[in-house]
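Colleague: Output the structure for:
(one chain, ligands or ions: 1)
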Amino acid sequence: MSTPSSAGFDTRLLINGSFISGEARSETAFDPARGTILAEVPSASLAQVESAIAAASQAFTSHRRTTPKERSLMLLAIADRILREAEDLARVESLNAGKPLRYVKGGELANVADVFRFFAGAVRTMEGTVSGNYRSASMTSLIRRDPVGVVASIAPWNYPLLMAAWKLAPAIAAGNTVVIKPSEHTPLSLIALGRILNDILPPGVVNIVCGNGPDVGQALISHPDVRMVSLTGDVRTGRAVLAAAAGERIKRTHLELGGKAPVIVLKDADIDSLVSTLREASFYNAGQDCTAACRILVDRSLAGDVEAAMEAMVASLIYGDPERDDVEFGPVISARHLERVSGFVDRARDQGCQILAGGERSGTTGFFYAPTLVRAPFDAEIVQKEVFGPVVTITAVDGPEDAVRLANSSEYGLASSVWSADQKTALTVANALEYGVTWVNTHGVFATEMPHGGMKNSGYGSDLSMQSLLEYTQTRHIMLAS
Ligand code: NAD
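Modeller: Here you go, the predicted structure:
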């Protein structure tokens, strides 16, 4: 067995209970706050992807037969170890994803552990249609919910550990086995989590293969022995998954794709509460969040006041080195992504949108972009497309109907919020929106018990909640004649 490499970071794959070096070309994992290389991570070769899937197929024959209680105990043990080793996991996550260390240590790892704990409980309390004699007194019907099989999980870079947990916990709980691929930008924390998983789970139940999308990801999602693909990623990647799922053997798919959350501010909204919530909901993780509150649709009568309050808030945001105790957000993920974010803002400026704050890169090291506010019409590219950076647009609208019409014209349908002192109007707007989640007078608050998922180009299927557990199962009907 080979040993960890690259400056103390383990960069190996996990296949069938063993950590082994990837045999294909390496991908570079950066420290985005400094722009320096953290590790070169060898990718899995096609033969190694094959062995990971073979290991998962083999492990499925026994994991599927374990009881809910046995799987639950494994998940609880994983959660305990995550919390015990939170300090080390947080350091790797913060370094590689550029997230403020205090937030990863404090909130994100607690959430990761909570996801494993929730599914540990959920799998022991599944409910469903009552067994009975539906056709006739001599025909007894039973419903089973069986695992689907080998799941290929493809994770993004914005919350490497949390997104992995959203996929791994329900899949393992339901009795599936998994081959998971982290983003090529952020493999290090998942490999570190792999040590914990490997100490607790039987070999082959979870396998980790590193590498890029077009080679390793594509090989994984198109393999005939993979029965389900679960992706969190870009809409374009979602299309690649759908094409692969329509291959020789049809696969179940679960797609959590992009978002562009409208924040609908009605004429009686509490501006102080709105702006103090958006401080985090818009800029947490440098806005690299599919639910980020990134496009404000404000009633024309309040537009000036909201702009002024947002400008003051943005001027007071603290961003910089993720190791500092006072920072609210760090860099964006890569030099290329920095180009992409600044390209959106530069084009908006060229098209006549007004940059109210920021609008430029920040510092000379690392991939920092200043928090940015843009006044823009709804049809501007910067309002229509997912920027995935610390950039918020403000658009004036004419009342609730106009706001709903514009919000629903979007290709995206993931997260949204409505702000009003009048609960009845807020509920009317919330009911009319075509978004997977709508918050009223808040934004970006998650509960592990509640489903998270999109509509339209934001994908389908739910993460979190009992709904997610059900998606990792196959409903079967058994009828006994007597
Ligand atoms: P991405 O689609 O570029 O990459 C996601 C993963 O897909 C990576 O592991 C990548 O290697 C892999 N991939 C890329 N092409 C592939 C292919 N052809 N076959 C198989 N795998 C492939 O997305 P990203 O840039 O890592 O993440 C940002 C995106 O994720 C944003 O659009 C964001 O909105 C979305 N996101 C959505 C949610 C949600 O819950 N809906 C949550 C987080 C992020």
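Colleague: and Leu302, how many neighbours?
Modeller: If you count neighbours by other C-beta atoms under 10 Å, Leu302 ends up with 19. Quick note: C-beta positions are derived from backbone N, CA and C, even for glycine.
Colleague: ok, now which ones touch it?
Modeller: Going by C-beta atoms under 8 Å, 6 or more residues apart in numbering, Leu302 touches 265, 267, 269, 271.
Colleague: residues contacting the closest residue to the first one other than its chain neighbours?
Modeller: Pointing back at Val265 there. Excluding its sequence neighbours, the residue lying closest to Val265 (C-beta to C-beta, 6 or more residues apart in numbering) is Val298, at 4.1 Å. By C-beta under 8 Å, 6+ apart, the residues touching Val298 are 265, 306, 394-397.
Colleague: Which of the helices or strands spans the residue nearest to the spatial centre of the chain?
Modeller: For the chain, Met163 is the residue whose C-alpha lies nearest the centre (C-alpha atoms, centre = their mean; 4.5 Å). Using DSSP states H and E, Met163 sits within helix 160-173.
Colleague: Name the next helix or strand downstream of that helix, please.
Modeller: Past helix 160-173, the next helix or strand by DSSP H and E is strand 177-181.
Colleague: what about Ala396, is that helix, strand or coil?
Modeller: With DSSP: H, G, I helix; E, B strand; the rest coil as the basis, Ala396 sits in strand.
Colleague: For the remainder of this discussion, apply numbering that starts at 58.
Modeller: Got it, first residue is 58 now, which makes that one Ala453.
Colleague: Count the residues that sit near it.
Modeller: So Ala453, with other C-beta under 10 Å, has 20 neighbours.
Colleague: Please apply the same query to Thr294.
Modeller: With other C-beta under 10 Å as criterion, Thr294 counts 20.
Colleague: average pLDDT across the helix or strand hosting it?
Modeller: In this assignment (DSSP H and E), Thr294 forms part of helix 292-302. Helix 292-302 carries an average pLDDT of 97.
Colleague: what sits up against it?
Modeller: Under C-beta under 8 Å, 6+ apart, the answer for helix 292-302 is 211, 270, 274-275, 278-279, 286, 288, 308-310, 312, 314-315, 468, 514-516.
Colleague: the helices in the stretch 408-539 of the chain, which residues?
Modeller: For the stretch 408-539 of the chain, helices defined by DSSP state H, counting those that start in this stretch occupy the ranges 438-441, 456-465, 480-489, 522-528.
Colleague: what's the answer for the stretch 258-407 of the chain, then?
Modeller: Applying DSSP H, counting those that start in this stretch to the stretch 258-407 of the chain gives helices spanning 275-278, 292-302, 328-340, 360-372, 392-407.
Colleague: Quick one, which of those gets closest to the ligand.
Modeller: helix 292-302 (3.2 Å; C-beta to the nearest ligand atom).
Colleague: Can you give me the buried ones in the closest one?
Modeller: Buried residues in helix 292-302, defined by neighbour count with 16 or more other C-beta atoms under 10 Å: 292, 294-295, 297-299, 301-302.
Colleague: any idea which of these is the one closest to Leu484?
Modeller: Val292 (29.7 Å; C-beta to C-beta).
Colleague: circling back: can you list the helices of the stretch 258-407 of the chain in JSON lines and add distance to Val263?
Modeller: JSON lines is the format used below for those (distance: least, C-beta to C-beta, whole Å):
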{"stretch": "helix 275-278", "distance to Val263": "14"}
{"stretch": "helix 292-302", "distance to Val263": "20"}
{"stretch": "helix 328-340", "distance to Val263": "32"}
{"stretch": "helix 360-372", "distance to Val263": "41"}
{"stretch": "helix 392-407", "distance to Val263": "28"}
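Colleague: Burial-wise, tell me which of those comes out on top.
Modeller: With neighbours taken as mean count of other C-beta atoms under 10 Å, the helices of the stretch 258-407 of the chain reach their highest mean count in helix 275-278, at a mean of 23.
Colleague: Can you give me the neighbour number for Gly65?
Modeller: 9.
Colleague: sorry, back to before: would you quantify the distance from the residue nearest to Val322 to the ligand?
Modeller: Using C-beta to the nearest ligand atom, to the nearest Å, Val355 is found at 23 Å from the ligand.
Colleague: and that residue, bridged to which residues?
Modeller: Val322, Ala453 (DSSP bridges).
Colleague: Check what pLDDT it gets.
Modeller: For Val355, the model assigns a pLDDT of 98.
Colleague: which non-adjacent residue is nearest Arg357?
Modeller: Residue nearest to Arg357 in three dimensions, not counting chain neighbours: Ala453, with 4.4 Å by C-beta to C-beta, 6+ apart.
Colleague: okay but Asp383 is in contact with Ile375, surely?
Modeller: Yes: using C-beta atoms under 8 Å as the test, Asp383 is close enough to Ile375 to be in contact (5.3 Å).
Colleague: thinking in terms of the whole chain, how far from its middle is the helix holding Met220?
Modeller: Centroid separation for helix 217-230 versus its chain: 10 Å, with C-alpha atoms, centre = their mean, to the nearest Å.
Colleague: do you know how far Arg462 is from the ligand?
Modeller: In this view, Arg462 and the ligand are 23 Å apart by C-beta to the nearest ligand atom.
Colleague: Sounds good, over and out.
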